[in-house]
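>>> Okay, predicted coordinates and the sequence, questions at the end:
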Amino acid sequence: MITKPRAGVVQVMPDVQSSRDERRVAIDKVGVRHITYPITLNCPATGGVQHTVAKVNMYVGLPHYQKGTHMSRFLEVLNRHHGEIRSDQIMTVCHDMKKRLEAEEAHLELTFPYFIHKKAPVTGAAGMLDIQVTFEASINGAEDFIMGIKVPATSLCPCSKKIADYGAHNQRCEVQARVRFAPGKSMWIEELFDVTERSASTQVFAVLKRPDEKWVTEKAYDNPKFVEDIVRDLAISLEAEDRVSWYQVISENFESIHNHNAYAMIEKDKRTD
């Protein structure tokens, strides 16, 4: 790096990061985490866009012979995208990062809230339900992209319903789906959301009036599910989706009668069948 002090004398600064490291230990991922950055996503519900703020992680692989990476260059890459990243630019940003850091591989992760327009099931009362979305882009020879969502839902215990004389315990659950897409194909966030929340006993809503609450309560009672049932049903739905080539599905129930959570996970690469 060359700087010009106030005296006007050109001064060469040492590039310590690019110096040689003799320990011969490569680093899989090195970079910066928890950058807060605005992003823009296309929104099929309105035909427009939705603006949100993401937590961004940026990494590259570091060869065994290089002492360090240049942390400031990660932010330079973000700033080249004019202060706002569009969802269709994620892989472009990853390529820019790989080039700017002169790396063999690059990884970009974004986690952000996304808002779904939902109407109550009986009264139609409108509300905005927030879900968590993740984009994971990697370049290591080939490109790789994973989209993930975390959806709140309700589960009702089949065992409780079976053994109790009346009622059954239910609880909030979080259902997660992470997917890779088949070549040339993709899904809207809303589409993956619809598939995911249908796997639970019933949905949750931002706004519920009394007729809606009655509907939700009875819907869950008529559709009891363990965490095992939720992940199996979601896996079957994604198995039938030709746009999805790989999936990982998780259900975590925040138990109402235990001081622990119930958990289940299925991961499947459909390309190896």
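Yep, that arrived. Numbering: from 1, shown residues only.
>>> what pairs with the closest residue to Arg33 other than its chain neighbours across the strands?
Distances taken as CB to CB, 6 or more residues apart in numbering put Asn57 closest to Arg33, at 4.7 Å, once the chain neighbours are dropped. Any C-beta I mention is one placed from the backbone N, CA and C, and that applies to glycine too. Bridge pairing for Asn57 (DSSP bridges) gives the partners Glu109.
>>> and Asn57, how many neighbours does it have?
18 (other CB atoms under 10 Å).
>>> my guess is it contacts His34, does it?
Yes: judged on CB atoms under 8 Å, Asn57 makes contact with His34 at a distance of 7.1 Å.
>>> Next, Lys162: secondary structure please.
Assigned with DSSP: H, G, I helix; E, B strand; the rest coil, Lys162 falls in the helix class.
>>> burial of it, as a residue count?
Neighbour tally, Lys162, other CB under 10 Å: 9.
>>> separation between it and Asp229?
13 Å (CB to CB, to the nearest Å).
>>> Ok, Val249 next?
Counting by CB to CB, the gap from Val249 to Asp229 is 12 Å.
>>> who's more crowded, those two?
A direct count of neighbours by other CB under 10 Å for Val249 and Asp229 places Val249 higher, at 25 against 18.
>>> Contacts only, for the residue nearest the centre of the chain.
Taking CA atoms, centre = their mean, the centroid of the chain lies closest to Thr134, which sits 1.8 Å from it. By CB atoms under 8 Å, 6 or more residues apart in numbering, the contact set of Thr134 is 109-111, 146-149, 178.
>>> other SSEs contacting the helix or strand hosting Asp233?
Asp233 is located in helix 227-239, with elements delineated by DSSP states H and E. Helices and strands touching helix 227-239, as assessed by 3 or more CB pairs under 8 Å, 6 or more residues apart in numbering; DSSP states H and E, comprise strand 170-181, helix 189-197, strand 244-254, strand 261-269.
>>> Break the protein into its domains for me.
According to automatic domain parsing, the chain comprises the domains 21-119, 150-273.
>>> before we move on, the earlier item: Serialize the contacts of Thr134 to TSV and add fields for pLDDT, distance to Ala264 and neighbour count.
Converted to TSV, those look like this (pLDDT from 0 to 100; distance: CB to CB, whole Å; neighbours: other CB atoms under 10 Å):
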residue	pLDDT	distance to Ala264	neighbour count
Glu109	97	24	19
Leu110	97	26	22
Thr111	98	22	16
Ile146	97	20	17
Met147	97	21	22
Gly148	98	17	18
Ile149	98	17	22
Arg178	98	15	18
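>>> number of nearby residues for Thr202?
What Thr202 shows, counting by other CB under 10 Å, is a neighbour count of 23.
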